[in-house]
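Colleague: Following is a predicted model, sequence given first.
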Amino acid sequence: MASDNSYNSPFDASTFIIPEGWHAFSDLLGGVDTGLLFLRDGMIVHANSTLATQLGYTDDELAGQPLEILFQPSGTSTQPIQPSMEDGSDMYLRTKGGAQVHYQLVANRVDTFSDAGCVIWVLQPMLSSAEVDQLTGNDAPNLADASSLTDHLPDLIAVCTPDANLRYSNRAFRNAVGTNVDIAQQVHEEDRPRFVESLAQAQPDGPAVPLAFRLRGQGGPYRHVAGEVRNLQNQKDVGGLLLNLRDVTDDVQRQQGVELDKKRQLHYLNRLMRIAQHPHANFSSALKVILKSATKALGTHRCAYWDVHDDPQKTRCMLAYDELRQNYHEEQLSLPSGTSLHSLFQRVLSSDHQLVVADVDQDARVAVYCEYFHANQVKAVIAMPVRHGDAYAGVLVLSHVGEVRQWRRDESDFAEIVAGLIALILKEVDRVRAEAQAKHFARHDRLTGLPNRDFLLDQAADIFPKMTTRANTLAAFFIDLDGFKEVNDSLGKEVGDELLKASAMRLRNVVRKNDIVARLGGDEFVLLAVNLSDMRIADDIATQLVDTMRGAFSVGGHKVQISASVGIAIYPFDGTDLDTLMKKADIALVEAKRSGRDQYRMFRPQLNDGTPPVPRTGRN
């Protein structure tokens, strides 16, 4: 037999593919008195010959009649006209002659296999054998009689011997399989032993045995079928095994496709979970991996993360991955389509629920946003809210281009996991940023952003031990703002704070690349200038410090004029550690203040014994 690459059929397929309602058909050929009534919109579409005979009608007489014809009151009956529709309930039907016949509603099912949209009643008369014979004329239907009904069914119906020789088949079976008398020869060789075993397991008048195998069509490929077999050899009108099958090839292949999709999802989910275990503080880098993995895991075309604000102009695409182009990019909201997309994002965030759309042209929820989708050839979409902190502030968008797509529940669940992972990354970014900020403010002044005393001490602990190996020296500058207190008292603390920030900015512009300027508190600053190869460099730096603070400041709507006094101590002449140098620089600063401010002074030993120093001023 020719090889076949189709997947093996799941043996239990019939348990979830064949609806229970169609199992009642087996009972039709198991009892000669079972009636079938096909209804649509309250009208009788068809009645099997058994039911029609019991009620005194022919098939043609009942077809097209309203259902009420079988429930018209006889004038003397006290039975209810409107029957219960539950399985097992009693039902009284009126014969053509006006009599009533008592039935039990065995099954009330909807035909889900065809476009007919029929409701099927399976009716069992509650009569004695003699009464049944009287109604039916004792003419039990045989297999040939059943063909008028079975030929209208979409199922593959057949009766065969225990060794699988065909005795009867309906039109659907003949069209699909042909009239080969040996059914087993049409079964795939890998499935044949199981098929034969299932036939053997079916006991006379016993329960149905499930079937699932691959069956060769007429000269075509193997098809997956599933259903059941019942042993009705003891029924004289059947005398064989009744096969009730359905072509489930599309269902099996769809299920196998789902399994492959889930394996692919699991592969990328493992990759995403590694990110979740060790979140990236670099949001852009992590987002690249997440968006690409989500696109490939769900087999879609685009995946993007949008940062959404109340103002459409601030809403922007942080990053998008395009599987068709195999690249990353950022989208821009262009009016007017961008405005509609922004409105959609706001709706998704306010609803706090994902939006899953199979066809943007047919879904009323997104009808007003189609301009954007059409411009970008998007046909199906999932929009998932992404939490940032205590609120939803972003939207994950998965787009399918060019064709309708029915998103499955497992796919929308996967998208929800991806949205949660982005939220986790955002939280990690916030955490790392907060830690960095806390660490920064532990070593920097919050108002001016300059290093603080702790930072200065840490740097000195690294610099001073190395100074003994170098020929160069360093200088410590103690800086105090002249007139700051008066400005702060007269114009207020807010203006004073702005003045401190502006002063710090000017000091930054003066210092060299490797120098350190720090704020000790209030209006006191320290500059540590390293690698001084010539003492004159300290004079030049001090001159620049004094000069830069003379220019007027514009703060808080005021023009403010201040100056700076500077004291300087030199390593190793004035001290060999930072604490000593700062004390002596402070002594020099006090002398600069005493001498009239707006100038600098070098520390000299004479300052300790009261000898007047040589004044130093900035360039005028």
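Modeller: Arrived safely, thanks for sending.
Colleague: So D182 sits against R167, correct?
Modeller: No - counting by CB atoms under 8 Å, D182 does not reach R167; the two are 11.8 Å apart. C-beta: built from backbone N, CA, C; applies to glycine.
Colleague: Return every residue with contacts to both of these two.
Modeller: Common contacts of D182 and R167 (CB atoms under 8 Å, 6 or more residues apart in numbering): none found.
Colleague: all strands of the stretch 351-500 of the chain, in order?
Modeller: Residue ranges of the strands in the stretch 351-500 of the chain, as given by DSSP state E, counting those that start in this stretch, are 355-357, 378-388, 391-401, 473-482.
Colleague: Compare those and give me the one nearest G88.
Modeller: Distances from G88 to each of those were compared using CB to CB; the minimum, 39.4 Å, belongs to strand 355-357.
Colleague: who touches that closest one?
Modeller: By CB under 8 Å, 6+ apart, strand 355-357 touches 344, 347-348, 363, 365-366, 380-384, 407, 412.
Colleague: Can you go through those and name the buried ones?
Modeller: Buried members of the contacts of strand 355-357, counted by 16 or more other CB atoms under 10 Å: L344, R347, V348, D363, V366, A380, V381, I382, A383, M384, W407, S412.
Colleague: ok, how many other residues are close to the spatially closest residue to V106 that is not a sequence neighbour?
Modeller: Excluding its sequence neighbours, the residue lying closest to V106 (CB to CB, 6 or more residues apart in numbering) is V122, at 4.2 Å. By other CB atoms under 10 Å, the residues close to V122 number 23.
Colleague: V122 looks like it's in a strand, true?
Modeller: Yes - V122 sits within a strand when classified using DSSP: H, G, I helix; E, B strand; the rest coil.
Colleague: Wait, it touches T34, no?
Modeller: Yes - V122 is within contact range of T34, at 6.6 Å (criterion: CB under 8 Å).
Colleague: which one of the buried ones among the contacts of strand 355-357 sits closest to R171?
Modeller: Within the buried ones among the contacts of strand 355-357, proximity to R171 (CB to CB) peaks at W407, which comes in at 37.5 Å.
Colleague: What residues are bridge-paired with the closest residue in space to the closest one that isn't next to it in sequence?
Modeller: Counting by CB to CB, 6+ apart, W407 lies nearest to V356, which is 5.2 Å off, once chain neighbours are set aside. Residues in a beta bridge with V356, per DSSP bridges, are I382.
Colleague: residue contacts, F173?
Modeller: Applying CB under 8 Å, 6+ apart, we find F173 in contact with L156, I157, A158, L245.
Colleague: about what we covered before: can you give me the pLDDT of the residue nearest to W407?
Modeller: We have a pLDDT of 93 for V356.
Colleague: With G117 instead?
Modeller: Per-residue pLDDT puts G117 at 66.
Colleague: A461 too?
Modeller: At A461, the pLDDT value in this model is 89.
Colleague: what's the neighbour count on it?
Modeller: Around A461 there are 11 residues (other CB under 10 Å).
Colleague: ok, now K296?
Modeller: Other residues near K296 come to 17 when the count uses other CB under 10 Å.
Colleague: Need the phi and psi values for it.
Modeller: The phi/psi pair for K296 (degrees, to the nearest 10) reads phi -70, psi -40.
Colleague: start at 39 instead
Modeller: All set: I'll call the first residue 39, so the last point we hit is now K334.
Colleague: Please name the spatially closest residue to it (chain neighbours excluded).
Modeller: Y306 (6.1 Å).
Colleague: Mind checking what secondary structure the one you found has?
Modeller: What three-state DSSP gives for Y306 is helix.
Colleague: so what's it up against?
Modeller: S331, A332, K334, A335.
Colleague: G337 - how many residues pack around it?
Modeller: Other residues near G337 come to 14 when the count uses other CB under 10 Å.
Colleague: Would you confirm that it contacts Q303?
Modeller: No - if you go by CB under 8 Å, G337 and Q303 don't touch, sitting 9.3 Å apart.
Colleague: got a list of what the most centrally placed residue in the chain touches?
Modeller: Nearest to the geometric centre of the chain sits A453, at 1.5 Å (CA atoms, centre = their mean). Applying CB under 8 Å, 6+ apart, one finds that A453 lies in contact with A332, L336, Q392, I420, M422, L434, L436.
Colleague: Would you mind giving the contacts of strand 393-395 as JSON lines with distance to V225 added?
Modeller: Formatted as JSON lines, the contacts of strand 393-395 follow (distance: CB to CB, whole Å):
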{"residue": "L382", "distance to V225": "53"}
{"residue": "R385", "distance to V225": "54"}
{"residue": "V386", "distance to V225": "51"}
{"residue": "D401", "distance to V225": "44"}
{"residue": "R403", "distance to V225": "48"}
{"residue": "V404", "distance to V225": "48"}
{"residue": "A418", "distance to V225": "39"}
{"residue": "V419", "distance to V225": "44"}
{"residue": "I420", "distance to V225": "42"}
{"residue": "A421", "distance to V225": "48"}
{"residue": "M422", "distance to V225": "46"}
{"residue": "W445", "distance to V225": "36"}
{"residue": "S450", "distance to V225": "39"}
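Colleague: nearest to Y609, of those?
Modeller: Set against Y609, the nearest of these by CB to CB is M422 (61.7 Å).
Colleague: What's the separation between that closest one and L558?
Modeller: From M422 over to L558 the distance is 52 Å, taken as CB to CB, to the nearest Å.
Colleague: and if you look at N414?
Modeller: Applying CB to CB, the value for N414 to L558 is 58 Å.
Colleague: roughly how far out does the helix or strand harbouring A540 sit from the chain middle?
Modeller: Secondary structure assignment for A540, by DSSP states H and E: helix 531-548. Here the centre of helix 531-548 is set off from its chain's centre by 49 Å, with CA atoms, centre = their mean, to the nearest Å.
Colleague: May I have it exported as CSV, CA atoms only?
Modeller: Once non-C-alpha atoms are left out, helix 531-548 reads as follows in CSV (Å, rounded to 0.1, in the frame of the first residue of the first chain):
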residue,chain,number,x,y,z
LYS,A,531,14.0,80.9,50.0
GLU,A,532,12.7,80.0,46.5
VAL,A,533,14.8,82.8,44.9
GLY,A,534,17.7,81.8,47.2
ASP,A,535,17.5,78.2,46.0
GLU,A,536,17.5,79.3,42.3
LEU,A,537,20.5,81.5,43.0
LEU,A,538,22.4,78.5,44.5
LYS,A,539,21.6,76.4,41.5
ALA,A,540,22.7,79.1,39.1
SER,A,541,25.9,79.6,41.1
ALA,A,542,26.6,75.8,41.0
MET,A,543,26.2,75.9,37.2
ARG,A,544,28.8,78.6,36.9
LEU,A,545,31.2,76.7,39.1
ARG,A,546,30.8,73.6,36.9
ASN,A,547,31.8,75.7,33.9
VAL,A,548,35.1,76.8,35.6
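Colleague: Show me what the next helix or strand after that helix packs onto, helices and strands only.
Modeller: Beyond helix 531-548 on the C-terminal side, the first helix or strand identified by DSSP H and E is strand 554-559. Here strand 554-559 touches helix 491-505, helix 531-548, strand 562-570, going by 3 or more CB pairs under 8 Å, 6 or more residues apart in numbering; DSSP states H and E.
Colleague: Name the strands paired with strand 554-559 and say parallel or antiparallel.
Modeller: Using DSSP bridges, the strands paired with strand 554-559 are strand 562-570 (antiparallel).
Colleague: And the strand it pairs with, what's buried?
Modeller: F563, V564, L565, L566, A567, V568, L570.
Colleague: can you list contacts of the helix or strand just after that strand?
Modeller: The helix or strand immediately downstream of strand 562-570 is helix 573-586, counting by DSSP H and E. Residues from elsewhere that reach helix 573-586, judged by CB under 8 Å, 6+ apart: 511, 513, 515, 517, 544-545, 547-548, 550, 565, 567, 570, 601-602, 604, 606, 608, 636-638, 640, 654-657.
Colleague: Among the residues you listed, the buried ones, what's the ChimeraX command?
Modeller: Those of the contacts of helix 573-586 that count as buried under 16+ other CB under 10 Å are selected in ChimeraX with:
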select :511,513,515,517,544,545,548,565,567,570,601,602,604,606,608,636,637,638,640,654,655,656
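Colleague: Thanks a lot, see you next time.
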